[in-house]
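K.L.:
Here's a sequence, model it:
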Amino acid sequence: MIKRRLTPILMQRLRQVPAVVLLGPRQVGKTTLALEISQQLESVYLDLEAEGDLARLSEPELYLADRFYQLVILDEIHRVPKLFLALRGLIDKARRTGHRSGLYLLLGSAALEMLKQSGATLAGRVSYLELNPFDILA
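P.N.:
As a prediction, this is how the structure comes out:
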């Protein structure tokens with residue numbers, strides 16, 4: 001595994017805020033980084049391009065409400081825009097029960113679309129990070 005400079009920053013943000021959005025172009029390693037994080041923290045990973053994972057979230061409030069004790073990683077979240085509204089309510093519910101950070105890691109490559117979708121809905125509940133492609137000096 002290639003060490004990323006963003007990893008400690010991402011871990012710190014997960015300790016500070018309920019949700020972190022990890023943006024970046026396709027194929028830069030967002031999923032790989034998230035899976036590395038999932039090995040360090042108790043977590044569940046859901047790929048929203050997979051039918052089985054989508055089915056689990058057919059009623060997101062029911063599936064996610066019992067998972068405040070672990071990090072939920074939602075990959076390709078921009079494919080299910082209705083989740084942003086559900087996450088807002090879940091984050092607020094979690095805060096009322098004392099769970100104030102490290103709830104969700106949201107991954108997506110459609111940066112502008114995702115910022116628009118999540119910005120208004122999750123204002124004050126989310127932190128954004130961008131994972132850039134490798135930059136190698138010769």
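K.L.:
least trustworthy helix or strand in the protein by mean pLDDT?
P.N.:
Taking mean pLDDT, DSSP states H and E as the measure, the chain has helix 111-121 as its least confident helix or strand, at a mean of 60.
K.L.:
where along this structure do the strands fall?
P.N.:
Along the chain, the segments classed as strands by DSSP state E run 19-23, 43-47, 71-75, 104-108, 126-130.
K.L.:
Now stretch 47-64: buried residues?
P.N.:
Of the residues in stretch 47-64, those scored as buried under the neighbour-count criterion (16 or more other CB atoms under 10 Å) are Asp47, Leu48, Asp53, Arg56, Leu57, Pro60, Tyr63, Leu64. C-beta coordinates here come from the backbone N, C-alpha and C atoms, glycine included.
K.L.:
now swap in stretch 32-50 and tell me
P.N.:
For stretch 32-50, the neighbour count (16+ other CB under 10 Å) marks Leu33, Ala34, Glu36, Ile37, Ser38, Ser43, Tyr45, Leu46, Asp47, Leu48 as buried.
K.L.:
The fourth one and Leu74: what is the separation?
P.N.:
Put plainly, it is Ile37. Separation of Ile37 from Leu74 (CB to CB, to the nearest Å): 13 Å.
K.L.:
Mutual contacts of those two, please.
P.N.:
Leu105 (CB atoms under 8 Å, 6 or more residues apart in numbering).
K.L.:
pLDDT and distance to Pro8 added to the buried residues of stretch 47-64, as CSV?
P.N.:
Putting the buried residues of stretch 47-64 into CSV (pLDDT from 0 to 100; distance: CB to CB, whole Å) gives the following:
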residue, pLDDT, distance to Pro8
Asp47, 95, 25
Leu48, 94, 27
Asp53, 95, 28
Arg56, 94, 30
Leu57, 92, 30
Pro60, 92, 30
Tyr63, 93, 30
Leu64, 93, 27
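K.L.:
Which strands or helices does the longest helix seen in the chain pack on?
P.N.:
In terms of residue count, the longest helix belonging to the chain (DSSP state H) is helix 83-96. On a contact count with 3 or more CB pairs under 8 Å, 6 or more residues apart in numbering; DSSP states H and E, helix 83-96 meets helix 60-64, strand 104-108, helix 111-121.
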